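> Need the 3D shape of this:
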Amino acid sequence: MLNMKRMVLMLLALTVIMVMGVNTAMAEPRDNVYICHHDKDLGTWELINVNGNSTEKHMANHDDGMPNATTSMSGTTLDGNCEERLPFCGNCLVGHAGPGCDNAACEATVGSLDPFCVDVEWDSICAEGAMYECVGVVCDP
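From the prediction side, this is the model:
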C-alpha cells in the first residue's frame, strides 16, 4: 500500500513537472528589442538592448521609449538615435489671422521681440521671425 502511494505521488510530481515544462516551452520568447533609456545621473539618453519579453515591464518602470517615438512617462519625443526631438512648430512658421501660434515657446520667443505678434496678429513678419528664432531652438518644422 505504501509503495502504491509513493508511485501515485511520483506520477503526480512527474505530471506537474511535464505540464510546467510544456507551459514554459509554449511561451514563445521574443527577440531582444532596442529602446531609448534615460540615464538620470548623466541626464542623457542611450540606446539599450533589452529582452523582448520584459520590454513593457522595463518601460513601465522607467521614462524610456522606443526610438522615433514618445517616452512612457515624460512624453519626451525621441528620434531614431535616442536624441530628443524638439516639438513641432505648428502654425508659427506661417502668417495667419489672430495673435499667437501653436507652439507656446516659439510664441513667447517671437512675442518678446515683436509684441504685435502676440497682441494683434501673427503675420508674415512674425512667421519669418519664428523661422530665424525658433526652428532648431524651441521647435522643428
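> where's residue 138 relative to residue 131, distance?
Per Cβ to Cβ, to the nearest Å, residue 138 is found 12 Å from residue 131. All C-beta atoms are positioned from the backbone trio N, CA, C, and that covers glycine.
> higher neighbour count, these two?
Neighbour totals were compared for residue 138 and residue 131, and residue 138 leads with 20 against 16 (other Cβ atoms under 10 Å).
> quick one, what contacts the closest residue to the more buried one other than its chain neighbours?
Nearest residue to residue 138, sequence neighbours excluded (Cβ to Cβ, 6 or more residues apart in numbering): residue 105, at 3.9 Å. Neighbour list for residue 105: 87, 134, 138, 139 [criterion: Cβ atoms under 8 Å, 6 or more residues apart in numbering].
> Out of these, give me the two with the largest separation.
Farthest pair in these (Cβ to Cβ) is 87 and 134. Separation: 10.4 Å.
> Isn't residue 94 up against residue 126?
No: contact criterion Cβ atoms under 8 Å: residue 94 and residue 126 do not qualify, at 9.6 Å.
> And these two? Which one has more around it.
residue 126 (28 against 14).
> Contact partners for that one?
With contact set as Cβ under 8 Å, 6+ apart, residue 126 has these partners: 92, 95, 101, 110, 114, 116, 117.
> how near is residue 93 to residue 119?
20 Å.
> and those two? which has more neighbours close in?
Legend: neighbour count by other Cβ under 10 Å for residue 93 and residue 119, higher for residue 93 (19 against 10).
> returning to that earlier point: if I look at residue 87 and residue 134, which residues touch both of them?
103, 105.
> Where does residue 117 sit: helix, strand or coil?
Here residue 117 takes the helix state, with states given by DSSP: H, G, I helix; E, B strand; the rest coil.
> Go ahead and confirm it touches residue 99.
Yes: judged on Cβ under 8 Å, residue 117 makes contact with residue 99 at a distance of 6.9 Å.
> Cheers, nothing more for now.
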